[in-house]
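Asker: okay, here's the prediction I keep looking at, along with the sequence it came from:
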Amino acid sequence: MPFRLARGVERIDADGSPMLFNTRTGAYFALNDSAATALDALLGHGEVEGAAALIDTYGIPEDRAAADVRNLTATLTGHRLLEGR
């Protein structure tokens with residue numbers, strides 16, 4: 001399933017740290033580098049591309065990458081920062 005940032009959410013870098021900013025609430029959500037890598041690949045695509053980006057960038061096993069991306073999408077959708085198209 002393709003993903004996009006929820007309405008009012010922006011992907012920003014604050015002093016070199018990747019974050020999501022909810023313009024409607026003023027809340028920031030910090031991302032670590034691997035979450036930012038997966039998110040950038042997820043946007044406009046799906047979990048497969050997010051996992052592939054983690055595998056390519058960090059050399060982690062496929063099952064771990066897939067689990068990490070599932071956890072990321074669940075967390076971000078739970079916070080209403082990410083949505084499927």
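Answerer: The structure has been received and is ready for your questions.
Asker: tell me the mean pLDDT over the biggest helix by length in the chain?
Answerer: In the chain, taking DSSP state H as the definition, the longest helix is helix 62-78. Model confidence over helix 62-78 averages 97 on the pLDDT scale.
Asker: output the contacting helices and strands for that helix.
Answerer: Contact analysis of helix 62-78 by 3 or more C-beta pairs under 8 Å, 6 or more residues apart in numbering; DSSP states H and E lists helix 33-42, helix 47-58, strand 82-84 as its packing neighbours. Glycine gets a C-beta too; all of them are placed from N, C-alpha and C.
Asker: and for residue 16, the neighbour number?
Answerer: Counted with other C-beta atoms under 10 Å, the neighbours of residue 16 add up to 5.
Asker: show me where pLDDT drops low in this protein?
Answerer: Under the criterion of pLDDT under 70, the regions of the chain flagged as low confidence span 85.
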